[in-house]
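> Got a predicted structure here, sequence first:
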Amino acid sequence: MDFSLTPKAEELKKRVAAFMDAHVIPAEPEVQRAMGESGHEEPQVLMEVRKKAKAEGLWNLFLPDKEHGAGLTNAEYAPLCELMGRSPIGARAFNCMAPDTGNMEILTEFGTPEQKKKWLEPCLAGEIRTCFSMTEPETAGSDPTQLKTRAVRDGDYYVINGHKWFTSGAIGASFAIAMVVTDPNAEPHRRASQIIVPTDTPGFNLIRPVPVMGHTGGGGHCEIVYKDCRVPVTNVLGREGDGFAIAQARLGPGRIHHCMRMIGVAERALELMCKRVKTRWTHGSYLADKANIQEWIADSRIEIDSARLMVMLAAWKMDTAGKKEARNEISMIKVMVANMVMRVTDRAIQVHGAAGVSDDFPIARMWRDSRSLRIADGPDEVHRQTIARRELRKYN
């Protein structure tokens, strides 16, 4: 296998890196301040950064569809995604942020021409934002076959009733893609469908952004109550009962994206760690001269590079053999990267001392935002079980 980039991808990598340094990283403090004051509105400074990225053609880079995106493979896009991950606003600057990326991917693959015109095109243009409404407080998020939110057919409409939360990005979103049960008597993986629900639909009740470790985030991780929420039958994605299969199709590229962004987070944390230890003097020498600090730095480099190679292998296998054949590698990177980024950011916090847990430095926020990956897109424990079962089957 060859992980060298094509000339097109290499050029995009250089351009994304330069744009991050020139526009995204410098905008971070102002964006954080503005979003803290306004709640969840996209601040003007971020709008300007997005306009510049779009004007420079650094837009929708995640989509392999050449008609709508850059036409990159997973292996070509992965290094770009890593660069975006260096900043909490990086992916958003290029219109490559979750959950919009996943929603745009499934609209591209499963949407009707009418759905694409009404919902996909404005997303691709950056005119609207979206959210994905699946997780429920009353059911185990690790097993979507247990979902309870119901959509009952009533003529040309579905009537949706149920309780969701962690519908990330719901504040300011134009529509949700809701995972709902349309046939409770079907076999488990055919019970649910995915339905487009405009957020201004009567009965779509945004209750609150759920606070996560002291913050609510831009767009919020929202609690939603669907109460007699009526949407046209034409808003269903794919066929009725395809919800679980569509969710699985959404997760493969999404996990690659999440993992590469987290590698970007870890790289920046290591960079901040190295700069810090070269300037802090204690007990007769710089921190950089302490054996345990050098061990932390070495371990961090080993772990980051190992994780990157594993993610690139998963991306390469998805591109060459397909999502199904790469499912074990995708599960492995989900576990590996989620734990690696925690170790690296924790070390960076430690070497910064009290400053490491303050908001004067980005590291505590990086740790907090990364921690969710251990439970997002399938908890680590579930992936470990899956990996182990596949391994055990080899020796029957």
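That came in fine, so what should we check first?

> Next one, pLDDT for the closest residue to S174 other than its chain neighbours please.
Spatial nearest neighbour of S174, chain neighbours left out: I128 (3.9 Å); criterion: CB to CB, 6 or more residues apart in numbering. (Each C-beta comes from the backbone N, C-alpha and C, glycine too.) Per-residue pLDDT puts I128 at 96.

> Could you do S38 as well?
Predicted confidence (pLDDT) for S38: 55.

> ok, now G69?
Taking G69 on its own, its pLDDT is 84.

> That one and L58 touch, don't they?
No - in this structure, G69 is not within contact of L58 by CB atoms under 8 Å, at 11.7 Å.

> can you map out the strands along the stretch 151-300 of the chain?
157-168, 175-181, 192-198, 204-209, 221-232, 281-282, 285-286 (DSSP state E, counting those that start in this stretch).

> Does anything pack onto the fourth one? Which helices or strands?
The criterion is 3 or more CB pairs under 8 Å, 6 or more residues apart in numbering; DSSP states H and E, and the helices and strands that strand 204-209 contacts are strand 221-232.

> residues in contact with the residue nearest to S174?
By CB atoms under 8 Å, 6 or more residues apart in numbering, I128 lies in contact with 122, 173-175.

> Please repeat the previous calculation with a cut-off of 10 Å.
If you count contacts by CB atoms under 10 Å, 6 or more residues apart in numbering, I128 has them with 100, 119, 121-122, 172-175, 199.

> Please list the members of these that lie in helices.
Residues from those lying in helices, with DSSP state H as the criterion: 100, 121-122.

> Mind putting these into TSV with neighbour count?
Shown next, in TSV, are the ones in helices among the contacts of I128 (neighbours: other CB atoms under 10 Å):
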residue	neighbour count
D100	25
E121	13
P122	15
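
> In the helix or strand where I302 lies, which residues are buried?
Element membership for I302, per DSSP states H and E: helix 291-321. Residues of helix 291-321 classed as buried: 293, 296-297, 300, 303-304, 307-308, 310-318 (neighbour count, 16 or more other CB atoms under 10 Å).

> Stretch 130-138 now?
So for stretch 130-138, counting by 16+ other CB under 10 Å, buried means 130-136.

> likewise stretch 5-23?
Buried residues in stretch 5-23 (16+ other CB under 10 Å): 5, 9, 12-13, 15-16, 19-20, 23.

> Narrow these to those in strands?
Taking DSSP state E, every one of those sits outside strands.
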